[in-house]
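Chemist: Below are the sequence and a predicted model; questions follow.
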Amino acid sequence: MILVFAETNGKISKAALEAASYGANLAKQNNTSCTLVTYGNNNDLNLFAKHGINKILQASALQNPDSAQLSKLVVAAAEKENASTIIFSHDLTGRAVAPRVAARLNAGLVSGAVALPEANTIKVNVFSGKAAAYVEVLSDKKVISVMPNSVGITTIDTSINIESFNPETGTAKVIVKETKKNEGEISLPEAELVVSGGRGLKGPENWGMIEELAKLLGAATACSRPVADIGWRPHHEHVGQTGIAIAPNLYIAIGISGAIQHLAGVNRSKVIVVINTDAEAPFFKAADYGIVGDAFEVVPKLIESVKKFKAAAN
Amino acid sequence: MKILVCISKAPDTTTKIAFTDNDTKFNESGVQYIVNPYDEWYALVRALELTENSGGNVTTITVGSAADEAIIRKALAIGANDAVRIDAVPEDAYYVAKQIASYAKDKNFDLIMCGKETIDYNGSQVGAMIAELLDMPYVSLATKLDVNNDTATLERDIQGGTEVIECKLPLVLSAAKGMAEQRIPNMRGIMAARTKPLTVIQPVEAPKLTAYKKFTLPPAKSACKMISPDNVEELVNLLHTEAKVI
Ligand SMILES: Cc1cc2nc3c(=O)[nH]c(=O)nc-3n(C[C@H](O)[C@H](O)[C@H](O)COP(=O)(O)OP(=O)(O)OC[C@H]3O[C@@H](n4cnc5c(N)ncnc54)[C@H](O)[C@@H]3O)c2cc1C
Ligand SMILES: Nc1ncnc2c1ncn2[C@@H]1O[C@H](COP(=O)(O)O)[C@@H](O)[C@H]1O
């Protein structure tokens, strides 16, 4: 039996569907069934019937749980379903809950899986994407967290059975007091398209064109570390080895040299475009498309071309 | 306030990644080790700021061999009061967490701080495992941390925004970018570090639950297609028709 944990608050996320698909495919590989455990009271859980989930356990009584409560919920579900493997998304919640569940069950944890198990090992990225490793779990029970934007969503039609499931999970010790929305922005970790700027842009006053290009494309904005450090851009935009790691379909790097620590956060992008005045900038070695040129000339032209393209497409 | 900061070593960020023994082992020859940046820049520095403001003690703990004492001294030079090294090779997150949890169990730390992840194996596992083993609350990827009496206030980035969180101490957390700024140790700190207590203790019995069997390097990228700055329309065209990303 395979158990998947997913959050289903609001619109069901891509990460949740990826984790469900991974679990369903693994169940198929092992000729077994796949149950999903979640909390809250989403009414659209039937959606998972398109992604190979046979049964859902819904902890409808659980609101704003913390990681200790979620760990208890998942452990109780694993016991009830006699699960051999438990799947999470390697997102903010997964990073807090998967290791807790693994420690509770004495189960080996593989975090950030990018593929289904093959010959008893699971592929993950290591050294910030500079290499891959194949990890074997030595315990009988296994926990796997799936790297977002890496395994895809598969369609497997099933009929689904939704059960209410409310085991004892204690009370929350970690309390969310307030959430602040970044108005109108596209969230960087989930973005499919990203426009990113570096020190080559000279100053924060020049980000207007970066934001305009991003808006036109429906892209999120990002930046290199020094740009966040000097305060030209907010910290949450810093990508790289010590910021966040992203894997969008398209990453456009403007005025960024392509230092090894920067590449570590973006090297899983499917397509990379580099715009830089220096033909020798290391970033070109990691790029798919490059323009050697001044950002202050190239980006306005790019904005015009994208406008034309969008107008023609409509 | 008593704070325990978990310090791991990591290969310097410019290290050329290569493998030996038929691609089953990381090639350590010539590799320079540093304090894992998340542990040093964010967790350790914030721990020091908190105790500088309101008194207390910062202990670092490292599961590692004698060779790791160089990076432990660096943490002491930055300002930690004392250090513990558990004499074992850290090959598995559960094994490491079990060592740290069994050390911390009866020591009444108010805060146990980890980094977001180690930059070599990128597991992001140890902190939450310690929390579960000690039955403590845990906050992952905190970008801000303040403590008022017995309550911690934290922030973290969530999808499309930030979240403000409160939790009574004791608490385990992992620190991400934003929590503090890197500190360069000064000469006085480096001198003082030489005589600060570094206690070595023996590991407790614990299983290893995972094993790295093989490593591979990514396939070389095909050459970059260069486009003239006078022909930017061609780029848009290629992104649509060839790369199919817009
Ligand atoms: C331990 C460690 C961790 C690090 N972690 C990170 C990390 O997570 N993320 C990160 O980004 N960095 C990180 N760094 C820093 C990294 O080494 C680089 O210093 C940094 O990425 C450089 O930022 P940049 O490319 O914006 O600036 P620069 O290296 O200064 O590059 C600016 C580029 O802009 C180009 N340029 C100049 N003018 C123009 C113009 N008019 N039009 C177009 N191009 C122009 C230049 O040719 C140059 O290539 C880390 C460093 C260390 C030591
Ligand atoms: N060998 C170790 N000794 C002490 N702390 C460690 C060790 N390994 C990991 N940690 C801590 O746990 C965090 C997460 O590590 P990981 O789960 O390996 O990504 C690190 O940032 C450290 O704070």
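Modeler: Happy to help now that I have it. Keep in mind it's a predicted model, so treat the numbers as computed, not measured. Numbers count the residues shown, from 1 in each chain, chains lettered A, B, ... in the order given. Ligands and ions are numbered 1, 2, ... in the order given.
Chemist: From A:Leu45, how far out is the closest residue to A:Asn41 other than its chain neighbours?
Modeler: Nearest non-adjacent residue to A:Asn41, counting by CB to CB, 6 or more residues apart in numbering or on different chains: A:Ser60, 4.8 Å away. For the C-beta atoms, the positions are set from N, CA and C on the backbone; glycine is no exception. Distance of A:Ser60 to A:Leu45, given as CB to CB, to the nearest Å: 11 Å.
Chemist: neighbour-wise, which of these two wins?
Modeler: Taking neighbours as other CB atoms under 10 Å in any protein chain shown, A:Ser60 and A:Leu45 compare with A:Leu45 leading, 19 against 13.
Chemist: A:Gly21 contacts A:Phe48, correct?
Modeler: Check again: residue A:21 is Ser, not Gly. No - counting by CB atoms under 8 Å, A:Ser21 stays clear of A:Phe48, with 9.7 Å between them.
Chemist: of the two, who's got more company?
Modeler: The residue with the greater number of neighbours, taking A:Ser21 and A:Phe48 and applying other CB under 10 Å, is A:Phe48; the counts read 28 against 25.
Chemist: mind checking the SS state of the more buried one?
Modeler: helix (DSSP: H, G, I helix; E, B strand; the rest coil).
Chemist: what sits against it?
Modeler: A:Ala20, A:Leu36, A:Ile56, A:Ile160 (CB atoms under 8 Å, 6 or more residues apart in numbering or on different chains).
Chemist: check those residues against chain B, which are close?
Modeler: Restricting those to those adjacent to chain B (criterion: CB under 8 Å from any CB of the partner chain) removes every one of them.
Chemist: Serialize those to a markdown table and add fields for neighbour count and secondary structure.
Modeler: Conversion of the contacts of A:Phe48 to a markdown table gives the following (neighbours: other CB atoms under 10 Å in any protein chain shown; DSSP: H, G, I helix; E, B strand; the rest coil):
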| residue | neighbour count | secondary structure |
| --- | --- | --- |
| A:Ala20 | 29 | helix |
| A:Leu36 | 29 | strand |
| A:Ile56 | 24 | strand |
| A:Ile160 | 17 | coil |
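Chemist: of the residues you listed, list those near ligand 1.
Modeler: Filtering the contacts of A:Phe48 for proximity to ligand 1 by CB under 6 Å from any ligand atom leaves nothing.
Chemist: Quick check: of those, which lies closest to A:Asn166?
Modeler: Checking the contacts of A:Phe48 against A:Asn166 with CB to CB, the nearest one is A:Ile56 at 13.5 Å.
Chemist: which residues make contact with stretch B:98-107 from outside it?
Modeler: Residues outside stretch B:98-107 that contact it (CB under 8 Å, 6+ apart): B:2, B:4, B:6, B:61, B:63, B:84, B:86, B:88, B:112, B:126, B:129-130, B:133-134, B:201, B:203-204, B:206.
Chemist: In that stretch, which residues are buried?
Modeler: By neighbour count, with 16 or more other CB atoms under 10 Å in any protein chain shown as the criterion, the buried positions of stretch B:98-107 are B:Lys98, B:Gln99, B:Ile100, B:Ala101, B:Ser102, B:Tyr103, B:Ala104.
Chemist: got it, and stretch B:182-197?
Modeler: Using 16+ other CB under 10 Å as the burial criterion, the residues of stretch B:182-197 that qualify are B:Arg183, B:Pro185, B:Gly189, B:Ala193, B:Lys196.
Chemist: same check, this time on stretch A:210-224
Modeler: Of the residues in stretch A:210-224, those with enough neighbours to count as buried (16+ other CB under 10 Å) are A:Ile210, A:Glu212, A:Leu213, A:Ala214, A:Leu216, A:Leu217, A:Ala219, A:Ala220, A:Thr221, A:Ala222, A:Cys223, A:Ser224.
Chemist: And the furthest pair within those residues?
Modeler: Of all the pairs that those form, the one spanning the most space (CB to CB) is A:Leu216 and A:Ser224, at 21.9 Å.
Chemist: quick one: terminal-to-terminal distance for stretch A:174-188?
Modeler: Across its full length, stretch A:174-188 reaches 25 Å between end residues, using CA to CA, to the nearest Å.
Chemist: Distance from it to the middle of the chain?
Modeler: With CA atoms, centre = their mean, to the nearest Å as the basis, stretch A:174-188 stands 16 Å off its chain's centre.
Chemist: circling back to that earlier point, CSV for the buried residues of stretch B:182-197, including distance to chain A and pLDDT?
Modeler: Output for these, formatted as CSV (distance: CB to the nearest CB, whole Å; pLDDT from 0 to 100):
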residue, distance to chain A, pLDDT
B:Arg183, 14, 95
B:Pro185, 19, 95
B:Gly189, 22, 96
B:Ala193, 24, 97
B:Lys196, 27, 98
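Chemist: In helices, which of those residues appear?
Modeler: Assigned to helices by DSSP state H, the following of these qualify: B:Gly189, B:Ala193.
Chemist: Helix, strand or coil: sort out the residue nearest the centre of chain A for me.
Modeler: Using CA atoms, centre = their mean, the residue of chain A that lies closest to the mean C-alpha position is A:Pro148, 3.2 Å off. Of the three states, A:Pro148 takes coil under three-state DSSP.
Chemist: Run through the residues that contact it.
Modeler: Going by CB under 8 Å, 6+ apart, A:Pro148 touches A:Lys14, A:Ala15, A:Glu18, A:Ser89, A:His90, A:Asp91, A:Pro189, A:Glu190, A:Ala247.
Chemist: Can you give me the distance of it to A:Ile12?
Modeler: Looking at A:Pro148 against A:Ile12, where the rule is CB to CB, the gap reads 14 Å.
Chemist: how about stretch B:222-241, does it get close to ligand 1?
Modeler: No - under the criterion of CB under 6 Å from any ligand atom, ligand 1 is not reached by stretch B:222-241; the shortest gap measures 10.1 Å.
Chemist: average pLDDT for that stretch?
Modeler: Along stretch B:222-241, the predicted local confidence has a mean pLDDT of 96.
Chemist: what residues does it touch?
Modeler: When contacts are defined by CB under 8 Å, 6+ apart, stretch B:222-241 is touched by residues A:250, A:271, A:273-274, A:284-285, A:287-294, A:297-298, A:301-302, A:304-306, A:308-309, B:245-246.
Chemist: Residue of chain B nearest ligand 1, please.
Modeler: The nearest approach of chain B to ligand 1 comes at B:Thr13, 4.0 Å away (CB to the nearest ligand atom).
Chemist: what's the closest non-adjacent residue to that residue?
Modeler: If you skip the residues right next to it in sequence, B:Thr13 has A:Gln261 as its closest partner in space, 4.9 Å away by CB to CB, 6+ apart.
Chemist: Also near chain A: which of the contacts of stretch B:98-107, exactly?
Modeler: Restricting the contacts of stretch B:98-107 to those touching chain A (CB under 8 Å from any CB) yields B:Val126, B:Met129, B:Leu133.
Chemist: restrict the residues you listed to contacts with ligand 2.
Modeler: Those of those which are also neighbours of ligand 2 are B:Val126, as judged by CB under 6 Å from any ligand atom.
Chemist: Including pLDDT, neighbour count and distance to B:Ala70, could the ones next to chain A among the contacts of stretch B:98-107 go into TSV?
Modeler: As requested, those are exported to TSV (pLDDT from 0 to 100; neighbours: other CB atoms under 10 Å in any protein chain shown; distance: CB to CB, whole Å):
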residue	pLDDT	neighbour count	distance to B:Ala70
B:Val126	98	29	21
B:Met129	98	29	26
B:Leu133	98	20	29
